[in-house]
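>>> Following is a predicted model, sequence given first.
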Amino acid sequence: MEIQHESYQNLLAEIKDSIRHAQVRAGQYVNRAMIELYWHIGKTIAERQETEGWGKSVVEHLSKDLKAEFPNTDGFSTQNLWYMRQFYLTYRNFPILQQLAGEIPWMHNVLIMSKIKEDAAQQFYLEASAKFGWSRAILHNQIKANAYKTLKTAEKTHNFQQTLSANLAEQAHEALKSEYNLDFLGLTALVKERELENQLLQNIKEFLLEMGYGFAFLGSQYKIKLGENEYFIDLLFYHRGLQCLVALELKITKFIPEYAGKMNFYLEVLDDTVRMVHENPSIGIILCAEKDDLEVEYSLRSQNKPIGVAEYKLYEQLPEELSKQLPSAKDIKKYLKSKRK
């Protein structure tokens with residue numbers, strides 16, 4: 001019997017997908033089992049110290065004996081046993097946090113325990129790490145950037161309520177951030193828009209994680225046509241949850257009203273020439289160095305397409321020797337103003 005090439009490739013792809021899903025599930029099971037073990041060890045140490053009155057030396061002895069008994073098993077260092085004890089003491093009164101902790105790797109938990117003390121903030125970083133699949137480096141960057149505080153206090157600027165159905169507007173609001181942390185690019189000074197775009201493309205995996213869950217990258221300088229005229233969108237994404245195209249324009253300057261009109265035009269063309277019948281209206285995100293919320297609000301009132309405006313930031317803090325070599329905030333604002341003239 002002759003095997004049809006396309007049919008076989010579909011079969012192979014289906015089986016590969018099943019294997020990958022099984023591997024992910026197996027990895028999640030192993031991780032949860034290890035977290036449960038560490039919880040039990042931490043609980044046992046804490047309780048026995050309390051009832052027996054044991055001091056610090058018991059943990060050192062325990063580490064030595066466990067490593068001797070299980071020489072091929074990592075995780076029984078003195079420091080890690082103390083982390084297990086801290087793990088239990090930190091979350092013993094918070095069942096929700098206990099459950100979330102089992103969804104992420106152990107060292108993610110250690111980082112969150114070590115850096116974050118507020119319960120609500122711990123829950124935020126636990127949930128985000130599990131939902132968005134943050135690496136430990138990304139988690140560390142998010143903590144350094146104080147992502148929880150930014151999300152809690154910052155206002156999001158968009159016109160989704162006026163341009164989308166109520167359900168879709170709520171989902172789009174959740175998908176948009178008020179600020180995007182780009183310090184993973186390693187940039188410490190102003191760059192041209194094309195250079196910023198190139199840096200993002202070279203670090204597209206980290207940028208997708210920063211964008212949030214559900215974004216898929218479609219292309220840069222994405223060409224759209226209207227008659228004989230061609231236009232280019234800086235970055236084009238597809239959001240699986242919203243089921244729509246998401247156009248992103250990068251601006252190294254402060255937001256100005258003209259940016260909204262240009263984005264509205266791009267979305268009109270996208271919806272008419274690229275969007276598929278089953279997809280929801282396209283959404284635009286203008287990512288700029290600075291914005292005035294009142295100016296954004298008025299600029300979006302006259303637009304009929306869903307548009308959000310967000311800021312980005314690079315390194316939040318610089319070493320003193322570097323900061324002396326870079327322009328001050330005042331110099332940067334002066335530069336931005338001169339570029340708009």
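Arrived safely. Predicted model only: the values in this text are computed from it and were never measured.
>>> Spatially, what comes nearest to the residue nearest to the spatial centre of the chain if we skip its sequence neighbours?
The centroid of the chain falls nearest to E210 when counting by CA atoms, centre = their mean (3.0 Å). Of all residues beyond its chain neighbours, the one nearest E210 is Y180 (5.7 Å), with distances taken as CB to CB, 6 or more residues apart in numbering. (Glycine included, C-beta is placed from N, CA and C.)
>>> show me where the stretch 101-250 of the chain has strands.
157-158, 179-181, 215-226, 229-239, 244-254 (DSSP state E, counting those that start in this stretch).
>>> most packed of the ones you listed?
Greatest average neighbour count among the strands of the stretch 101-250 of the chain goes to strand 157-158 (a mean of 24), per mean count of other CB atoms under 10 Å.
>>> Could you list the paired strands of that one along with their orientation?
In the sheet, strand 157-158 lines up against strand 307-313 (antiparallel) (DSSP bridges).
>>> Can you check what angle separates the partner strand from strand 244-254?
Note on geometry: by axes from the mean of the first three to the mean of the last three CA atoms, to 10 degrees, strand 307-313 and strand 244-254 are set 50 degrees apart in direction.
>>> which residues touch strand 307-313?
The set of residues external to strand 307-313 that reach it, using CB atoms under 8 Å, 6 or more residues apart in numbering, is 145, 156-160, 163, 172, 176-183, 255, 259-260, 263-264, 267, 283-291, 296, 300.
>>> Convert that strand to PDB, retaining C-alpha atoms only.
Extracted as PDB, the C-alpha positions of strand 307-313 are listed here (Å, rounded to 0.1, in the frame of the first residue of the first chain):
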ATOM      1  CA  ILE A 307      -6.200  51.200  20.000                       C
ATOM      2  CA  GLY A 308      -4.100  51.000  23.200                       C
ATOM      3  CA  VAL A 309      -1.200  53.200  24.100                       C
ATOM      4  CA  ALA A 310       1.600  52.000  26.400                       C
ATOM      5  CA  GLU A 311       5.000  53.100  27.500                       C
ATOM      6  CA  TYR A 312       8.200  51.100  27.600                       C
ATOM      7  CA  LYS A 313      11.200  51.400  29.800                       C
END
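>>> Can you give the distance of that strand from its chain's centre?
Centroid displacement of strand 307-313 relative to its chain, using CA atoms, centre = their mean, to the nearest Å, is 15 Å.
>>> Give me the buried positions along that strand.
Neighbour counts over strand 307-313 (16 or more other CB atoms under 10 Å) mark I307, G308, V309, A310, E311, Y312 as buried.
>>> bridging residues for the first one?
By that I understand I307. G284.
>>> where in the stretch 201-341 of the chain is pLDDT low?
Per-residue confidence for the stretch 201-341 of the chain (pLDDT under 70) gives these ranges: 314-341.
>>> Repeat the analysis, applying 90 as the threshold.
Low-confidence regions of the stretch 201-341 of the chain, defined by pLDDT under 90, span residues 201-217, 219-220, 240-242, 250-254, 277, 287-294, 301-302, 310-341.
>>> if we can go back for a sec, let me have the buried residues of strand 307-313 in CSV, adding distance to Q23 as columns.
Shown next, in CSV, are the buried residues of strand 307-313 (distance: CB to CB, whole Å):
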residue, distance to Q23
I307, 40
G308, 36
V309, 40
A310, 35
E311, 39
Y312, 35
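>>> how much space between the residue nearest to the centre of the chain and S18?
Look at E210 and S18: by CB to CB, to the nearest Å, they are 30 Å apart.
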